[in-house]
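**Q** predicted model and sequence follow; I will ask about them next.
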Amino acid sequence: MKLARAVRASRRIWVRLAISAGLFAVFVLQIAGVWGYTLLDKLEDASYDARLRLTLPQTVDPRIVIVDLDERSLAAEGWPWPRAKMATLTQQLFGTYRIRVLGFDEVFSEPDSAAGADLLDRLAHGELADLPGFAARAGRLRAQLDGDQAFARAILGRPVVLGTFFKAQVPAREAADSGAICSPAIDPETRRSYQVDFIQAQGYAGNRPPLQAATPYCGFFDNIEGLDRDGIYRRITLVQEFGGQIYPSLAVAVTAVALGAPAIRLEFDPSDAHSSLNLERLRIGTLAVPVDGRVAAYVPYRGRQRSFPYVSATDVLHGRADAKVLQGAIVLVGTSAAGLVDLRTTPVAKIFPGVEVHANLISGMLDGRIQQKPQYYSGVAFMLLLLIALLMTFLYPRLSPLQGAALVALLVGGIGALALVLWSNSHFIMPLGIPLVFVFALFLAQLLYGYFIEERYSRKISRQFGQYIPPELVSELAASGAEVPMTGENREMTVLFSDIRGFTTISEQFRERPQELTALMNEFLGPLTEVIFRHRGTIDKYMGDAIMAFWGAPLNNPRHAIDALQAAMEFPVALRKLDDAFIARGWPPLRIGVGLNTGTMTVGNMGSPFRVAYTVLGDAVNLGSRIEGLTKEYGVTVMCSESTRAGAPDWVFRELDLVRVKGKNEPVAIYQPLGPQDRIDPALQGDLARHHQALLAYRARRWDEAEREFSSLSAGERPQPVYGLYLQRIVELRSHPPDAGWDGVTTFKTK
């Protein structure tokens, strides 16, 4: 049996291991990118978004101000704005409002079509060509009306970052590059030492040459599609490569200028391994920004929208803006107007101004709030999945359904809590979505395997024993994997018989009310059965008002005698709880007799082709029935044999007699169980010692000594019916002395 159980357990482990290994392989291939962008990746992205939204600061950063080309500005000033108006805006910001840095989230790549210089040229060479002095004056006026020159003069010498746009692809018949661009952020020689997978631009749209010549700073505001494959702006590329040169993003360029235009470089770990795998940070002077292998950073959004002061551009032009808001600020000029198509989808809002994305990134870089997704992220995910697989394979099957659910809840809660702690305290992005799905996938797979495969055996056991033994024993039996021999085997067990005293007389009272008799039986059989189940017993059968139960099968139970004794001692207590309700219904209170015996019995399925029962047979079973019948003779509720007494060495018993029951020649010692030794009153212990001495005197025919002791005990504080029984016997034995072969054993001729 042990070998069969071991084989069954081993097979279960290997099957569960195979299930876990298969799912583990699928998820590992997913984190390795073999399957492409799937639902699991979407769930991982969703877990990132959830953490971001859960930890939003929801505060306004006054250091960065957005000058908004909003709907009100477009209505008041028209669109597009001539460069002269942009020049006025720039002069107002630096001259009147004394801002710190100015960045444009737009590119000025086309000539200033709103200027009047072209009209002057046509007049000077056309209708007014003959007007004396007009050509000379037209040349001077043209210089004043040149918006690009006016804008360039406003920019010159000031910390202004112009926007540029890099092209991921160049359409046919379109120039790869147009306009002017600033100097690269990283010098070419340093670039050649890097083996980094930079985003590669195929072209760019730069600013008008006079404008870019007026400032050394520029930054791209585009974000390559596919960086986040669902189109949501979680990450922003901090640098891009074009023509072997590395250029900064608008956020990086504005931050660098705000810090005094320090050098921009990449940092690796180890420092001499200049590959994407080892890339850790982009450094702007002393400021370190965590990046991934493509030099992209996660945008640390402050809130859902308007986490920075917004100032309408028309108010700046006309001097109506609040000077306290703008003074000393980093200013980004952008638009929230839907018609200018600079709205983005972000984790915090489906419609979000693109200029505020840059503002959030600048704010996060200045505060050191950029979350880091390290290059070993996949390794972390691998180890996390491996730990989950091991726990769900080797620990989960050993637990009850409730404990298994608790384990899953603990794993889910623990992984979620750890991810939040690392996010908040270390700015570390831990895998979350995929591990959580893996937990639930393994849980479902193991659950289904357990239900459809392993639980078949449990259901079989439940069908066989569900009515006989308590549910927890059914579960233990199924979990043990033990094959229950149904054809019969010999075991040492304890059997219990109980019978209601005077039930024949009671039933006669209900001769005209059979329904009430049925109700009465159900009322007391239910509580007694519950007692048996609670003490791990097996119901053999109900025999009218009697119950037969046994301990030690179908599961082995080394303490079967103790469990049976505890159940027997609770029987009268359970009946006393029914007394008030019985009396209220006009029913008599019930009294019970319980007999127990321990010994070798045959247990198994027995019966005929028409009906089979799981039961016990044998001489030890018959003796248990005889002992129950003797309880009324000795005036006790519970009685047991010497073998049952031996199975409970820590219990205290009162020896009642040596008897020879019908069908047995050998005498049997019978006892009244009194309970565990540590609960017995010392005074009762003294009575038991005196009782034992009285029995010895009785069996030695010392009638006077035995009579004095039994009489004293009977007149004491704890009289027992058995004392009177022996006093009566002594009287009879004096009158009719036994023969010389008398051994003190009482022989019973009936059952």
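**A** Happy to help now that I have it.

**Q** so residue 165 makes contact with residue 218?
**A** No: taking contact to mean CB atoms under 8 Å, the distance of 10.4 Å between residue 165 and residue 218 leaves them out of contact. Using the backbone N, CA and C atoms, a C-beta is placed for each residue, glycine as well.

**Q** compare the two (neighbour count), which wins?
**A** Neighbours per residue (other CB atoms under 10 Å) separate residue 165 from residue 218, with residue 218 holding more: 27 against 17.

**Q** chain neighbours aside, what residue packs nearest to the more buried one?
**A** Once its chain neighbours are removed from consideration, residue 218 has its nearest residue in residue 182; the separation is 3.8 Å (CB to CB, 6 or more residues apart in numbering).

**Q** thought residue 250 was touching the one you found, still the case?
**A** No: under the criterion of CB under 8 Å, residue 182 makes no contact with residue 250, lying 11.5 Å away.

**Q** for those two, indicate the residue with more neighbours.
**A** Of the pair residue 182 and residue 250, residue 250 is the one with more neighbours under other CB under 10 Å, namely 30 against 20.

**Q** ok, now which ones touch the more buried one?
**A** Listed by CB atoms under 8 Å, 6 or more residues apart in numbering, the contact set of residue 250 reads 103, 105, 161, 163, 219-221, 332, 358.

**Q** skipping its backbone neighbours, what lies nearest it in space?
**A** For residue 250, ignoring the flanking residues on the chain, the nearest one in space by CB to CB, 6+ apart is residue 219 at 3.5 Å.

**Q** and the strands in the stretch 501-650 of the chain?
**A** Taking DSSP state E, counting those that start in this stretch as the criterion, the stretch 501-650 of the chain contains strands spanning 538-543, 546-551, 592-607, 612-617, 638-641.

**Q** in terms of mean pLDDT, which of these ranks lowest?
**A** Mean pLDDT per stretch puts strand 612-617 lowest among these, at a mean of 82.

**Q** what lines up beside that one in the sheet?
**A** strand 592-607 (antiparallel) (DSSP bridges).

**Q** C-alpha coordinates for the partner strand, CSV please?
**A** Only the C-alpha atoms of strand 592-607 are listed here, as CSV (Å, rounded to 0.1, in the frame of the first residue of the first chain):
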residue,chain,number,x,y,z
ILE,A,592,-28.3,6.2,27.0
GLY,A,593,-25.9,3.3,27.4
VAL,A,594,-22.6,3.2,25.5
GLY,A,595,-20.2,0.2,25.2
LEU,A,596,-16.7,0.2,23.7
ASN,A,597,-14.2,-2.4,22.9
THR,A,598,-10.8,-2.4,21.2
GLY,A,599,-9.4,-5.3,19.3
THR,A,600,-8.6,-6.8,15.9
MET,A,601,-11.6,-6.6,13.5
THR,A,602,-12.3,-7.3,9.9
VAL,A,603,-13.2,-4.1,8.0
GLY,A,604,-14.3,-3.7,4.4
ASN,A,605,-17.3,-3.8,2.0
MET,A,606,-19.6,-6.6,2.9
GLY,A,607,-23.0,-7.6,1.6
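
**Q** in it, what's buried?
**A** By 16 or more other CB atoms under 10 Å, the buried positions in strand 592-607 come out as 592-599, 601-604, 606.

**Q** domain ranges for this structure?
**A** Taking automatic domain parsing as the reference, the chain has its domains at 2-36+376-439, 64-115+152-261+299-367, 485-680.

**Q** and of the strands of the stretch 501-650 of the chain, who's closest to residue 696?
**A** When these are ranked by distance to residue 696, counting by CB to CB, first place goes to strand 638-641 at 20.2 Å.

**Q** need the contact partners of the helix or strand containing residue 695.
**A** Here residue 695 sits within helix 682-699, counting by DSSP states H and E. Surrounding helix 682-699, the residues in contact under the criterion CB under 8 Å, 6+ apart are 652, 654-655, 658, 674, 703, 705-706, 709-710, 712-713, 716-718, 723, 726, 729-730, 743-744.

**Q** and stretch 217-226, by the same measure?
**A** When contacts are defined by CB under 8 Å, 6+ apart, stretch 217-226 is touched by residues 103, 105-107, 159-166, 168, 181-182, 199, 204, 206-207, 212, 231, 233, 235-237, 240, 247-254, 256-257, 261, 354, 358.

**Q** what subset of those is buried?
**A** Neighbour counting with 16+ other CB under 10 Å marks 103, 105-107, 159-166, 181-182, 199, 204, 206-207, 212, 233, 235-237, 240, 247-254, 256-257, 354, 358 as buried within the contacts of stretch 217-226.

**Q** what residue ranges in the stretch 51-200 of the chain score low on pLDDT?
**A** Low-confidence regions of the stretch 51-200 of the chain, defined here as pLDDT under 70, cover residues 113-145.

**Q** for it, what spans make up the helices?
**A** 71-77, 83-91, 117-124, 134-145, 147-155, 188-192 (DSSP state H, counting those that start in this stretch).

**Q** buried residues of the fifth one, list them for me.
**A** Right, the one you point to is helix 147-155. So helix 147-155, judged by 16+ other CB under 10 Å, has buried residues 147-152, 154-155.

**Q** same for that helix, what does it pack against?
**A** The elements that helix 147-155 packs onto, with contact taken as 3 or more CB pairs under 8 Å, 6 or more residues apart in numbering; DSSP states H and E, are helix 83-91, helix 209-213.

**Q** which residues touch residue 24?
**A** Residues counted as contacts of residue 24 (CB under 8 Å, 6+ apart) are 385-386, 389, 438.

**Q** element containing residue 411?
**A** Following DSSP H and E, the helix or strand that holds residue 411 is helix 401-426.

**Q** for the next helix or strand after that helix, packing partners?
**A** Read in the C-terminal direction, the helix or strand following helix 401-426 is helix 433-449, with elements assigned using DSSP H and E. In terms of contacts (3+ CB pairs under 8 Å, 6+ apart), helix 433-449 is packed against helix 2-31, helix 39-54, helix 377-394, helix 401-426.

**Q** for helix 433-449, give the mean pLDDT please.
**A** According to the model, helix 433-449 has a mean pLDDT of 90.

**Q** any buried residues in it, and which?
**A** 433-439, 441-443, 445-447, 449.

**Q** how near is the residue most central in space within the chain to residue 387?
**A** The C-alpha lying nearest the average C-alpha coordinate of the chain belongs to residue 412 (CA atoms, centre = their mean; 2.2 Å). The spacing between residue 412 and residue 387, counted by CB to CB, to the nearest Å, is 14 Å.

**Q** next one: residue 255
**A** Here the criterion is CB to CB. By it, residue 255 lies 39 Å from residue 387.

**Q** quick one, which of those two is more surrounded?
**A** Neighbour totals were compared for residue 255 and residue 387, and residue 255 leads with 30 against 13 (other CB under 10 Å).

**Q** and the strands of the stretch 501-650 of the chain as JSON lines, adding distance to residue 364?
**A** Listed next are the strands of the stretch 501-650 of the chain as JSON lines, based on distance: least, CB to CB, whole Å:
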{"stretch": "strand 538-543", "distance to residue 364": "68"}
{"stretch": "strand 546-551", "distance to residue 364": "70"}
{"stretch": "strand 592-607", "distance to residue 364": "74"}
{"stretch": "strand 612-617", "distance to residue 364": "71"}
{"stretch": "strand 638-641", "distance to residue 364": "78"}
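
**Q** out of those strands, which is closest to residue 56?
**A** Per CB to CB, nearest to residue 56 of the strands of the stretch 501-650 of the chain: strand 538-543, 61.2 Å.

**Q** just checking, what packs against the helix or strand harbouring residue 652?
**A** Mapping residue 652 onto the secondary structure by DSSP H and E places it in strand 651-660. For strand 651-660, the contact count by 3+ CB pairs under 8 Å, 6+ apart identifies helix 619-634, strand 668-676, helix 682-699, helix 721-735, strand 746-747 as packing neighbours.

**Q** lowest mean pLDDT across the ones you listed, which one is that?
**A** Here the lowest mean pLDDT among the helices and strands packed on strand 651-660 goes to strand 746-747, at a mean of 90.

**Q** list the pairing partners of that one within its sheet, with orientation.
**A** Listed by DSSP bridges, the sheet partners of strand 746-747 and their directions read strand 651-660 (parallel).
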